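Colleague: Give me coordinates for this.
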Amino acid sequence: MARSNNTQAVYVRLPAAEAEKLDQAAYALRLSKRDLITSLVARHVDPASPSSLRALGRGVASHAESTSDRRRIVVETGSDPLAVGHHSFRPAEAPEVLTPAEVAELLVVDEDAVLVLAEAGDLPGRQVGGEWRFARRAVLDWLAAGQEGAAD
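Modeller: You can find the predicted model right below:
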């Protein structure tokens, strides 16, 4: 394949399985990966042909459906959609030791109510260095026990 001096760098991260396929095909065909990808793009990507783009899009969509952990975010600007990246969300783990403010948020009450219950010995907690601290599990167990008692 003839090389042109008019080139542009394109950097992509491929899933390991597809990268391995590319390596094997380049080796079997005795082509550089650059030449192999150039040939594939020249043969299969025609931005001027709506039917070609639809066919290409169907192939990409079916591959994306088989990859469960990927997310695609599209921002539409005018009439052209612009792909801006992917997103993955994992919530932060809840802390095991809570402050009065965090217990108040957990119980959906005022912080003063938490302190009153703790000082009366009704809410399980300890003073550490003059400040109240609560074990999340103990607070949730206390809350659940109160609900069981109310049903009796």
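Colleague: and the chain, what are its domains?
Modeller: Split into domains by automatic domain parsing, the chain comes to 16-85, 97-151.
Colleague: most tightly surrounded among those domains?
Modeller: Of all those, domain 97-151 has the most neighbours on average by mean count of other CB atoms under 10 Å, namely a mean of 13. In short, each C-beta sits where N, CA and C put it, glycine included.
Colleague: Can you give the distance of it from its chain's centre?
Modeller: Relative to the chain's own centre, domain 97-151 is displaced by 33 Å; criterion: CA atoms, centre = their mean, to the nearest Å.
Colleague: per-residue confidence averaged over it?
Modeller: Domain 97-151 comes out with an average pLDDT of 91.
Colleague: coming back round to it: could the domains of the chain go into JSON lines alongside distance to A9?
Modeller: Formatted as JSON lines, the domains of the chain follow (distance: least, CB to CB, whole Å):
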{"stretch": "domain 16-85", "distance to A9": "10"}
{"stretch": "domain 97-151", "distance to A9": "49"}
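Colleague: Tell me which helix or strand the residue most central in space within the chain sits in.
Modeller: Closest residue to the average C-alpha location of the chain: S88 at 0.8 Å, with CA atoms, centre = their mean. Using DSSP states H and E, S88 sits within no helix or strand.
Colleague: and if you look at A55?
Modeller: helix 50-65.
Colleague: what do you get for R43?
Modeller: Using DSSP H and E, R43 sits in helix 33-44.
Colleague: for that helix, packing partners?
Modeller: Contacts defined by 3 or more CB pairs under 8 Å, 6 or more residues apart in numbering; DSSP states H and E place helix 33-44 against helix 16-29.
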